Every structure is written in structure tokens, then in C-alpha cells.
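> what follows is a predicted protein model with its sequence.
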Amino acid sequence: MNPPEALCAENTSRFPLVKISRTNKPKGFAGQDKLPVCYGLLTMDMNEGTLHARLVWTAATDAHIIHECQQRKKANMKQSMAIPVLRLTCLTWKLIGKTFGLTFGLAFGLTLAAAGMAAEPPAPPVKVGVYAKHAGNKIVYYYRVVNKSPQDITAVAIGYDTGNDEYPGNDAWELTELPSGWNIKFGIPSTSSNSPTGWRVGITTPGEESKTHAINWEIINDKSPVLAAGQSLARMSIALDKADINYLIGHALVTFSDGSAAAGTKGSPVYLTVPIEPLDTSPPTLTVTLTPNTIWSEDNKYIPVNVTFATKEDDYDNLPEIKLESITANEPLEPDDILDASYGLDDRYLRLRSGHNDSADRIYTVTYSATDASGNQSFASATVTVPATAPAPQDQDETGKIEVK
């Protein structure tokens, strides 16, 4: 009998030779002491979108084909795809063989994972996008639905994840914050929502005591306009008193019209869950100005500093949330060197001590953040300098502010 290396000599350039150690032998096998270290020759081929794998058990006395498994792949996988070296990890298979006249069975875990072979899944036939903006003291979420399927859409539920399976017990309602002004008797007020013509908006929950819910837009009746194939829908918005990130990153359940000709075709789904995609991914542009930007006094007194901001015009949210993040210096600070600073808030008035520790200038760095309603964030800083030497008298007013020339 040819040794494993000779048997596989013609194939090792294309397929890996998998070594199986003695530790994988079946317990209780009478011939454990004599069972040789064996090899498995792994081969693969593609046929009509199905990946076939065959592992050949090779011992010193014989070779047996012990398993052939199939792994369904996506329909769009190219049959001519090259199969690189495989890794073995975890899919159940059974070994049946005969060595030294004894029959035995052994279970292994095997996963055929072709490195670099992952096929891109097809894009969902429906896209649900979202962006948000600040409106006064409220956060408003705007949704846009694009129907690329051949079916009509009659409802869209935001924050509802079915997992696209057939088990209702796995469904998840993802939203926690209720719409502004909502109550159980009147529902969502018109001042907090917007709906396409012929559609209405409401709330769905898994039960009365649930702390989570979904926002559902649906046609009012069978005469209402549907979201037809190839069209988009944009007049869908909901206002909250407090931001809820799940309105931005959750899922949407799309309901197709099962009474339409398109939906009546074989294999057409009635429901489809898709991830909600962000439409606004650009952070705000923020500029910070501190006035004055140079302060000094003989007795190290506190000097008021006013803060102003400038933000660049944004396609989605022109009123980002501004917060004071930090005030630092180029030298160690005492706890009372900074007064009237409210971190985490839109604080535009500070008092800084006009002192320094050595012969160098003290430079305060004041940093703010700007966060739009879609969660995009940017930072900007400005500085205030305390000169190490006294400025000329004519450059300083009675408050300690210095006119920089």
C-alpha cells in the first residue's frame, strides 16, 4: 500500500493534506496501540451552487472515503470560484472505516471554511434610511423607504425585528422612548408625527406592560396609495422629547401587499425585516472663539471669558448639541484656577485665573464637542494665553483684558 504522501503527491499542490493525530481515535477501540497516524485528503468541487467536499481517510493498510458533505451556498456564488486552503473546525460528520480487520465509528467536528471565499450576500430589495435633526427641544427622526422589490408595500414598522424567521417568539421590539405627547387614549399627536397621504402612524407593542415598542406606518384602507415597486416614500417622521439611538440603528419590518398580482407570485414574501441604514454620516463642523483670548493681572485674579460658536451649514441638522468637554493647560492647574465651568453642558461663560507657575506663558485650551441628532460628533478647541510678562499699560483695560495688536 502506498503511504499517504505518495497517494496524495499529485494533489497536494491544489488541496491540503490534513493530518489527524492519535488523540482523535475512538475510545474503546481494541487496536488503539496499533492505529497509525493517518491523513485525510480534502478535495472540493462546485456543482450548481453547492459546495461538495470529500475527505479520504488514509491508513497504512487501506484508504476509505469516509464522508461527503454538502454546504449550500448563495445562489449568486460563482461556480468557477477558486477554492484556497481550508481550515477544519466544526460540522458533524461520521467516520466509518476498517483498519486491522476491525470496524469502528467516530464522530468529528468539521467546518469547511474556504479562506477568502465569503460571498457577498445580495442587497435587500427594500432599503429603509434614517436621519435626525434637532427641532427646538425635540429630536425628530425622518425615514425614507426605497422599494426595489417587484411587490407593493403597505406598511413599515420601525424598531421591529423578526429575524426573518417563522418563530414569533423571537420577535424583538427595539424602541424605548415614546413619541412626544403620546398617550394611550389618543395615540401619537399630529404635532409629533408626519405620514404619507393615505397612511397613518401608530404604536405596536408585545403587550400592555412592555417597555419597548415599534412605530408602524400603514395604509388607511385598500383604496390608499401603496408604495409601489420601484418607488420611494419619504414623508415619515416622528418627534421625541429625548433621543433614542434605537430609532437610528434598529430594524424595520416591511409588509408587502399579499393581494397584489406581484405578491401573488410563487415564493413572494409577505414580510421582510431589513436593517435601518444611516443617511447622515457627516459630523458637524464647529469653530470656537474665546473672548478675550489673552488675559493678565498683577494679583492673578479671575478674568471672564465669553465663548461663541460657528457651525457650517449642514444638509440634515443645523442645530447640533454643543457641550463643554474640557479645559486644560500647558502647566499644572490648581482646582480653583477655573470657575463657572459646567462640563457636559452648552456653557458659554467661563472665568479663568490670570496666573502662571513659571517664566513661561500659561495657555488654557478649551474644548467643545458638537453632536448632531444622528449621533455624528466633532470637536473644536480654542486657547486663552496668560503672558509670563506684564503687557504694556495701554494694552490692558481695567478688567484685566488685553487688547492684542
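Sure thing, it's come through.
> ok, now which ones touch L319?
If you count contacts by CB atoms under 8 Å, 6 or more residues apart in numbering, L319 has them with 133-135. To be clear about C-beta, it is placed using only N, CA and C from the backbone, and glycine gets the same treatment.
> switch to 10 Å and redo it
L319 makes contact with 133-136, 284, 311, 370, 372-373 under the criterion CB atoms under 10 Å, 6 or more residues apart in numbering.
> rebuild the residues you listed as a markdown table, extending it with pLDDT, neighbour count and secondary structure.
Output for the contacts of L319, formatted as a markdown table (pLDDT from 0 to 100; neighbours: other CB atoms under 10 Å; DSSP: H, G, I helix; E, B strand; the rest coil):
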| residue | pLDDT | neighbour count | secondary structure |
| --- | --- | --- | --- |
| K133 | 96 | 20 | strand |
| H134 | 95 | 17 | strand |
| A135 | 94 | 13 | strand |
| G136 | 91 | 8 | coil |
| P284 | 94 | 22 | coil |
| T311 | 88 | 18 | strand |
| A370 | 96 | 24 | strand |
| D372 | 95 | 24 | coil |
| A373 | 96 | 25 | coil |
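> mind checking the SS state of G169?
Judged by DSSP: H, G, I helix; E, B strand; the rest coil, the three-state class of G169 is helix.
> check the gap between it and T385 for me.
From G169 across to T385, the span is 64 Å (CB to CB, to the nearest Å).
> and if you look at I238?
I238 sits 47 Å away from T385, taking CB to CB as the criterion.
> and the two? Which one has more around it.
A count of neighbours by other CB atoms under 10 Å puts I238 above the other of I238 and T385, at 27 against 18.
> R235 against L227, yeah?
No: R235 lies out of contact with L227 (CB atoms under 10 Å); the separation is 11.2 Å.
> overlap in contacts of those two?
Common neighbours of R235 and L227 (CB under 10 Å, 6+ apart) are 196, 199, 217.
> filter those residues down to the buried ones, PyMOL style.
A single PyMOL command selects the buried members of the shared contacts of R235 and L227 (16 or more other CB atoms under 10 Å):
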select buried, resi 196+199+217
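> mind checking which of the shared contacts of R235 and L227 are in strands?
The members of the shared contacts of R235 and L227 that map onto strands under DSSP state E are 199, 217.
> re the thing from before, between R235 and L227, which is the more surrounded one?
Each of R235 and L227 has its neighbours counted (other CB under 10 Å); L227 has more, 26 against 13.
> now the more buried one: how far from N194?
L227 is 16 Å from N194, by CB to CB.
> for S180, same thing?
According to CB to CB, S180 and N194 sit 13 Å apart.
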